[in-house]
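1. Predicted structure and sequence below. I'll ask about it afterward.
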Amino acid sequence: MRTAITRAALLLFCAGLLAATGPALAEEAKPEPKAVKLTTTADHSKFKQLQKAFASGPEVTKACLECHTEAAGQIHRTKHWKWEYLNPATNQKLGKKNVLNNYCISIAANQAACTNCHVGYGWKDNNFDFTKEENVDCLVCHDTTGNYRKVPGSGGQAFGKDTEFPPGSGKIVKGIDLAKISQKVGKTSRDTCGGCHFNGGGGDGVKHGDLDSSMATPEKELDVHMDAVGLDFTCATCHKTSSHDVAGSRYAPTAKDDKGVQTRGKPGSGNPATCVACHGNGPHKKEARLNNHATKIACQTCHIPTFARGGIPTKMEWDWSTSGKVDANGKQFVKRDEKKRIIYESRKGDFKLGENVVPEYAWFNGHVEYTLLTDKIEKGPQRTPINKLGGSAADGKSMIWPMKVFRGTQPYDPVNKTLVTPHTTGPDGYWNTLVWDKAIEEGMKDSGQPFSGKVDFVNTVMSWPITHMVAPKNKALGCADCHSKQSRLAGITGIYIPVRDNNTLVDTLGWSIVLLTLLGVLGHGALRIVTGRKH
Amino acid sequence: MKLAKILAAGAILTVIAGTASAYDADWKRGRIYYRSVCTSCHAASPVGSINPSTKTKAEWTAYLQADKHAKGKDTVSGYVSKAYRAKIKSGNKAAEKFADTPDAELAADIKAFLIKGAKDGDSPATCS
Amino acid sequence: MSERIYVFKRFERFWHWSQAALIIFLMLTAFDIHGTYTIFGFEKAVAYHTIAAWTLIGLWVFAIFWHFTTGEWKQYIPTTEKVVAMMNYYLFGIFKNAPHPFRLTTLRKHNPLQRLAYLFILVCVGPLLWVTGGLYLFYDKWEALGLSGLSLEWVATGHVIGAFMMLAFLIAHVYLTTAGHTPMAHIKAMITGWEEVD
């Protein structure tokens, strides 16, 4: 009996021991629960359509469209596809297809190169078929591997196998694993949007100044929202997209959003990408005075103290008129500054670069008017505006905005008095031949515009509202950045800014009275001492 | 406890060595950890920062498999481990963010980034 | 022989010196805000200036109450009596050891020029500063208050004009404290309350 009890106790003890150690061991040994992708409801690697070798981009797109039947049709309606935009306010036909700038100027006759950033395959010239669904490039936005490549000069094509390109050149472009890439498609990311938008103007950070590759994994200091180890916003977090049409536009921007937070079901300003769409019109909790500032000053003005802060310079000036020089051997050359950054290229001319650039400021009401090929221009002491931004203190629709103001010197037609669209890329483009008139003639023909054959250069200026690289609040501008004699807003007219606009007459008179009073009492006192008053 | 460590180390090695594993490595997470933890420390120390593109895929694979950091003074996996992340997380946002990521997964992520960014990788990368 | 009379009561002295300190601090921060120099910098100077202004308003609430309950407000009623004599004294007499034309009593502790000067500060400079300062402070409420027609430039410039006038007053006031019975007599009186009179 006794031993039985002892045995039972021992058994119980052992069981207890097992129970105590059991869970720990079981945890190690237990098979992992089935791995589930939490970012998507569909593991594309499981789809038969994608489990095959793809030779070209359109082949992949066809596979995508088997399930996503409406996707291409949605894309076909967007600016990303059409590169065309009719501004309802000005009736100007804009979009990349129609505008020109003072960087690489325009896509006319350069489509094969420029459309490396088109969401399509094969736009080599004006014969591109915009209605073909398989011409849509799904992968350029939805790649997650970072390995997707469009081949430069090919009209934005992707090769699934090693291909001789350009045809007959003997050069082999390595094919990419389109099957693997398509099996891993996902949501857009800073990397995919950045693939083009970081590289606008033909290189990292060149065009925008507030978008460059440092924004792929930014730190908090660089962008408080995109901070890769913090809020980790993607572009689409703000540029809320529906039906593949990305919100936010440079052609018709929302300069002033007084419609408050866009809660669900509330229409708001219609642009979900504004600061106000999330932060509202009175975001400063401690200092109500700042909310009052925010009725005239865009959030970006104070909260983006400088742009190009990520260590990558942006172009600030580009002088095409100095291009065309060659070295002793008749070869093109480049010049670099002490930081090894290119500041001259035979084919492009002189550049000025900037990092941590203090923006210029302007009243802006969202109205943008472009100088198009059909517009007459005059060469004069004033720079010709590539885009004219509307705005004034008085119109009630304007806010003070930070701008990257890009200044250039570019070719124009002094007889027809128009800007021109030179053919720059490819073997017979200016970048290879260094011959202007031929290049311009070809480009203007492609644009369907007349060219006199004469070439001159005109100084131009273009403004880019700055809106990315929002700094943490402790890095925002302080009062004295504007409320001082060296005010950042020195060029802003139409409002009274205390300190900046101190009345000099009042100051002179005031100090004169103070000084006279002081001299008076000093003189009086001195006289009292001299006359030796006893007291 | 010891057993758990051995098992975990084994798991890391298995993943680093690239043998059978269901885990789908996230090179982007690897990129953040590499830049925010490895580079931020390396930039200050005598070795300096190391661009992924300075080694080939084979060299990175061999390096990770050998698991020798600072010429064998300590291990690479040590700097990826949860214990190390817990130690530095008060001053390192990446370590804080990935504090609970299993060691093996994070190691695989970093490997994916290094292989992708290697000299002969799909897109040679810098460290910043 | 001189006698001593009690002219400045305890509250009055407290009021005077705390007001003096506040006004000097307001001046200091004012011209910091104005950009004349940088001690605190615009942002902090504005904050301090605002706090000092509110404190001064609080002090004035007590001072006004005190003046009316004690009847001391009558000390500021202007008079033309002896104004010319006072001017003559400051311009000539003072250098010749002439006797002070004004004999102060507890009921008339300010000389006629003082009365005029203080009244001017009270009804012109003061209100100018308070009104413009208040408007400045509540700039963000103008629209709600139906004042959107107001010009910030005029308000700001008015405030600056007031500041210059106050500064000029301060200089003259500080100097004239030495023009008493002895150079330190008035200052002592303001500290102890007791003034010696001939």
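-> Arrived safely.
2. Where is the longest strand in chain A?
-> Using DSSP state E, we find that the single longest strand of chain A is strand A:399-413.
3. and residue C:159, what element?
-> Assigned by DSSP states H and E, residue C:159 belongs to helix C:152-176.
4. Which strands and helices lie in contact with that helix?
-> Here helix C:152-176 touches helix A:504-530, helix C:10-33, helix C:112-120, helix C:126-137, going by 3 or more C-beta pairs under 8 Å, 6 or more residues apart in numbering or on different chains; DSSP states H and E. Quick note: C-beta positions are derived from backbone N, CA and C, even for glycine.
5. follow-up on the earlier one: the longest strand of chain A - contacts with which helices or strands?
-> Judged by 3+ C-beta pairs under 8 Å, 6+ apart, strand A:399-413 is in contact with helix A:299-303, strand A:314-319, strand A:360-364, strand A:418-419, helix A:436-447, strand A:456-465.
6. export it as CSV, just CAs?
-> Output of strand A:399-413 as CSV, limited to C-alpha atoms (Å, rounded to 0.1, in the frame of the first residue of the first chain):
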residue,chain,number,x,y,z
MET,A,399,-0.6,80.0,-50.3
ILE,A,400,3.1,80.7,-50.0
TRP,A,401,4.9,77.6,-51.4
PRO,A,402,8.5,76.4,-51.5
MET,A,403,9.8,76.0,-55.0
LYS,A,404,12.7,74.5,-56.7
VAL,A,405,13.4,77.1,-59.3
PHE,A,406,15.3,75.6,-62.1
ARG,A,407,17.2,77.9,-64.5
GLY,A,408,18.4,76.9,-67.9
THR,A,409,19.7,78.1,-71.2
GLN,A,410,18.2,76.1,-74.0
PRO,A,411,18.0,76.3,-77.8
TYR,A,412,15.1,78.2,-79.5
ASP,A,413,14.1,79.3,-82.9
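7. what inclination does it have with respect to strand A:456-465?
-> 160 degrees (axes from the mean of the first three to the mean of the last three C-alpha atoms, to 10 degrees).
8. What residues of strand A:399-413 count as buried?
-> Under the neighbour-count criterion of 16 or more other C-beta atoms under 10 Å in any protein chain shown, strand A:399-413 has A:399-406, A:408-413 buried.
9. quick check: angle from it to strand A:360-364?
-> Using the same axes, to 10 degrees: strand A:399-413 against strand A:360-364 is 100 degrees.
10. got the buried residues for stretch A:274-286?
-> A:274, A:275, A:276, A:277, A:280.
11. mind putting those in a markdown table, secondary structure included?
-> Shown next, in a markdown table, are those (DSSP: H, G, I helix; E, B strand; the rest coil):
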| residue | secondary structure |
| --- | --- |
| A:274 | coil |
| A:275 | coil |
| A:276 | helix |
| A:277 | helix |
| A:280 | coil |
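12. of those, closest to chain B?
-> The shortest approach to chain B among these belongs to residue A:275, at 23.5 Å (C-beta to the nearest C-beta).
13. got the contact list for that closest one?
-> A:257, A:283, A:299, A:300 (C-beta atoms under 8 Å, 6 or more residues apart in numbering or on different chains).
14. and what of residue A:463?
-> A:360, A:362, A:385, A:387, A:389, A:403, A:404, A:405, A:406.
15. With chain C as the reference, measure out to it.
-> Taking C-beta to the nearest C-beta, to the nearest Å as the measure, residue A:463 falls 28 Å from chain C.
16. of the contacts of residue A:463, closest to residue A:145?
-> Nearest to residue A:145 out of the contacts of residue A:463 is residue A:404 (C-beta to C-beta; 32.2 Å).
17. Residue A:207 versus the closest one, what's the distance?
-> Distance of residue A:404 to residue A:207, given as C-beta to C-beta, to the nearest Å: 9 Å.
18. Could you please give me the overlap between the contact lists of the two?
-> With C-beta under 8 Å, 6+ apart as the test, residue A:404 and residue A:207 both reach A:314, A:464.
19. low-scoring pLDDT stretches of chain C, where are they?
-> Across chain C, the ranges flagged by pLDDT under 70 are C:1-2, C:104-107, C:197-198.
20. and it, which residues reach chain A?
-> Neighbours of chain A within chain C, by C-beta under 8 Å from any C-beta of the partner chain: C:33-35, C:41-43, C:46, C:90, C:94-97, C:139-140, C:151-153, C:156-157, C:160-161, C:163-165, C:167-168, C:171-172, C:175-176, C:178, C:181-183.
21. Among these, name the buried ones.
-> C:33-35, C:42, C:46, C:94-95, C:139, C:152, C:156-157, C:160-161, C:163-165, C:167-168, C:171-172, C:175-176, C:178, C:181.
22. Residue A:104 reaches residue A:202, doesn't it?
-> Yes. With contact defined as C-beta atoms under 8 Å, residue A:104 counts as touching residue A:202 (5.5 Å).
23. These two: which has the busier surroundings?
-> For residue A:104 versus residue A:202, neighbours defined as other C-beta atoms under 10 Å in any protein chain shown are more numerous around residue A:104 (23 against 15).
24. For the more buried one, give its distance to residue A:117.
-> Using C-beta to C-beta, we find residue A:104 at a distance of 12 Å from residue A:117.
25. do residue B:62 as well
-> Counting by C-beta to C-beta, the gap from residue B:62 to residue A:117 is 38 Å.
26. Same question for residue A:292.
-> 41 Å.
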